[in-house]
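Participant: Need the 3D shape of this:
(2 chains)
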Amino acid sequence: MKNLIRNFFIAGRQVLIGDKTYYAWIAFLSVFILLGLSAYVDQLHRGLITTAMRDQASWGLYISNFTFLVGVAAAAVLLVIPAYLYNFKPIKEIVLFGELLAITAIIMCILFIMVDMGRPLRVWHILPFIGSMHFPSSLLAWDVVVLNGYLAINTIIVFYVLYQLSIGKEYKMSVIGPLIILSIPWAVSIHTVTAFLYNGLSARPFWNASILAPRFLASAFCSGPAIMLILFQLIRKKSDVEIDDRAIFKIAELIAYAMGLNLFLLGAEAFKEFYSGTIHSYPIEYLYFGLHGKTALVPWIWSATILNITAFFLFLFPRTRENFTTLNIGCIFVIIGVYIEKGMGLIVPGFVPDTLGEIYEYIPTTSEIVITMGIWALGAMLYTVLLKFAVPIYTGKLRFEMKEQKSYKASPS
Amino acid sequence: MQDKKTPERSIQRRTFLKGAALGLAATALPSRDAEASIWEAFFQKHFREMSEAEIRKVIGRLEQEYEQKYKKKITVGIEKPLPGVLFGYGLDLSRCIGCRRCVYGCVDENNQSKDPQIHWITVLRFKKGEKWVDLEESEKYYNPSAVPEEEYFYMPVQCQQCENPPCVRVCPTQATWKDEDGIVVIDYNWCIGCRYCMAACPYGARRFNWTDPGRKTEELNTETHYLGNRPRFKGVVEKCTFCIQRTRKEPGRYPACVEACPVGARKFGNLLDPMSEIRYAIEHKRVFRLKEDLNTNPKFYYFFAYGG
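Facilitator: You can find the predicted model right below:
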């Protein structure tokens, strides 16, 4: 027990140690978190009328961010597959940082759902046993199961590995091996279930397309790894963690294939919608060309399309993907491109025109944007703090003490 | 001039501060009863999982809360579905003149928020001769000096009380369900406000309380039903219930929109009763239901009683 407390303090101290950049970064994030929090208090007090959502467009920026982040969380698996199944050493070493990102992304997802709820205190109604979870009928109930399950799996893997390392032991594959194998289909499932959440609604032709789940997965396998590539470079620069260039280039190559698939699926959907040209094509028409003079999303989606296509070529050619300048440009293009395409570009057209043909153009309010930025800042802070533990343990600088426990066992009084 | 104003302003400010302090004290230190009531409300069970006695207790608490809030006695009924009843609705498009009396008759009856306005009925206007299946050609905010207009026709839309309701299927907490008499209802004390049902509804029938519903005490209908027109809260979804507080309590009584219609375009009755008006309309007129391709199987029938 004494040991546990001491180790807790050893670990806790980590958060406080840092250089000036670290403190500045935490302060910078805190500002956004506090701003977001104050906007959220106002939203709680006045209701969701502080957002631009209305009956016609009943989901907006929050659900868009949720959708994008589920993809980011799912993409951690992209690293797990080659690392463990093909035993590709350079990536295996850094899977841990991908799993930490998955944990962060899932927590952000849960926060985005919470701020979108009209009655957040009643969240327990959705839980099994104590509430009345509508399982298996409601896809939202499925999402609760798979997202929390995914969070649990990744948390167990990460903390087991870190704990073993921190006491100077090798982690046993016999312990986490099955969990890692399980996490692969599970990652696919979180994004598939989230796609089905929209996919199953016959009232919304834009979402009611069977290509939706494959498109979700393809785009997630672009944005998630792109975020990780940037993070790996930062971690490598800021700490003693060694990340092999080969790992980075391999991941970049995988992004190229995923983006190629993503663009192909987009093309397939665009062909079907525009060539058949039925009344169910109005939402995609609104998205790409505007409808009845309402064109809010048009510049965004074309930017996203151009960014995605450019990034595809940047990652496709070995010369540009193995050059860190073009590689990073490609990563940023992918992140912005997919954020638009799988965020607002996916959610808003589902509601335009609405089911009775009305065109209500949703443009988020400042309050919504401030809350959204607050959650992103909180996510960034969480990831930073997680790294503060994970990096020194990983590099061997932080070790917990286990001596006392042994001596205690050896001499019972 | 400024000198004169200053003391007055300071007094105002002082009274204001005093009021604010009292108000804060009231929220920060609720009386024991109020606190108990908050906890009771928080831990309230799902409506269909409560025993008769538990429901009675909840109704007592709600009536007390409403009385405190609105300074008026409001009765909350819990009438169950009547055996052998399946409600159905008919709307004669050849008669509708687009006057929206149904819209406001519904608001008067069902205690919707008036600020901001919440309507359960939407009347769509179409230009004669234009396609109208896709609804995208419709106008919701038409505002002529007089109705009906020569070159237009109208189609009111409200909850279609589907036999296969997509909104019920998607609700993650079972806060909305289809009762035995076919009415799709919501437990406003169980709804978490996720609005998945609104995304799922093909008829735009569900409304969300984006803020605290604004309704003056003198405008309140005090005869209410737990699953119907009782005063709602911020952050929950609501919708048409075929005036459950009327139609379940007094069999044969019409919903408010049926009564409000000046041209008799609205029909209502028991689909299981072969002699009912609604059965007559379905059996003798050309009826259609909205978006039949979605297989929601609405119990809301549009028909044309005469040509034109």
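Participant: Would you mind listing what in the stretch 251-400 of chain A touches chain B?
Facilitator: When proximity is defined as C-beta under 8 Å from any C-beta of the partner chain, the stretch 251-400 of chain A approaches chain B at A:279, A:282, A:350-351, A:353-358. Yep, even glycine has a C-beta here, placed from its N, CA and C like the rest.
Participant: Let's see the pLDDT reported for residue A:409.
Facilitator: pLDDT, residue A:409: 41.
Participant: what's the answer for the one 3 residues further on, then?
Facilitator: The predicted local confidence for residue A:412 comes out at a pLDDT of 41.
Participant: Export the residues of the stretch 251-400 of chain A next to chain B as CSV, with columns for secondary structure and neighbour count.
Facilitator: Shown next, in CSV, are those (DSSP: H, G, I helix; E, B strand; the rest coil; neighbours: other C-beta atoms under 10 Å in any protein chain shown):
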residue, secondary structure, neighbour count
A:279, helix, 14
A:282, helix, 21
A:350, helix, 21
A:351, helix, 27
A:353, coil, 23
A:354, coil, 22
A:355, coil, 22
A:356, coil, 19
A:357, coil, 19
A:358, coil, 21
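Participant: Go through these and name the one nearest residue A:395.
Facilitator: Proximity of these to residue A:395 (C-beta to C-beta) peaks at residue A:350, which lies at 46.0 Å.
Participant: Can you tell me the element the closest residue to residue A:284 other than its chain neighbours falls in?
Facilitator: Spatial nearest neighbour of residue A:284, chain neighbours left out: residue A:273 (4.6 Å); criterion: C-beta to C-beta, 6 or more residues apart in numbering or on different chains. In the assignment (DSSP states H and E), residue A:273 maps to helix A:245-276.
Participant: And residue A:103, by the same measure?
Facilitator: Element membership for residue A:103 (DSSP H and E) is helix A:95-116.
Participant: do the same with residue B:88
Facilitator: Assigned by DSSP H and E, residue B:88 belongs to strand B:87-92.
Participant: hang on, the earlier thing: can you name the next helix or strand after the helix holding residue A:273?
Facilitator: Counting by DSSP H and E, what follows helix A:245-276 is helix A:282-289.
Participant: CA atoms only: put that next one into CSV for me.
Facilitator: The C-alpha coordinates for helix A:282-289 follow below in CSV (Å, rounded to 0.1, in the frame of the first residue of the first chain):
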residue,chain,number,x,y,z
TYR,A,282,-30.6,17.0,-53.6
PRO,A,283,-28.4,16.7,-50.6
ILE,A,284,-25.2,15.9,-52.6
GLU,A,285,-26.2,18.7,-55.0
TYR,A,286,-26.5,21.1,-52.1
LEU,A,287,-23.1,19.9,-50.8
TYR,A,288,-21.2,20.3,-54.1
PHE,A,289,-23.1,23.0,-56.0
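Participant: how about the residues of the stretch 51-200 of chain A near chain B?
Facilitator: Counting by C-beta under 8 Å from any C-beta, the stretch 51-200 of chain A sits next to chain B at A:51, A:53-56, A:58-59, A:113, A:116-123, A:125-126, A:131-134, A:137-141, A:144, A:197-198, A:200.
Participant: Show me where chain B dips below the pLDDT cut-off.
Facilitator: In the predicted model of chain B, residues B:1-34, B:133, B:307-308 satisfy pLDDT under 70.
Participant: Secondary structure class of the residue in it positioned nearest to chain A, three-state.
Facilitator: Residue nearest to chain A within chain B: residue B:193 (1.9 Å; C-beta to the nearest C-beta). On the three-state scheme (DSSP: H, G, I helix; E, B strand; the rest coil), residue B:193 is labelled coil.
Participant: how many neighbours does the residue nearest to it when sequence neighbours are not counted have?
Facilitator: Nearest non-adjacent residue to residue B:193, counting by C-beta to C-beta, 6+ apart: residue A:118, 1.9 Å away. Per other C-beta atoms under 10 Å in any protein chain shown, the neighbour tally for residue A:118 reads 20.
Participant: Might one say that residue A:118 is in contact with residue B:207?
Facilitator: No - using C-beta atoms under 8 Å, residue A:118 is not in contact with residue B:207, being 11.8 Å away.
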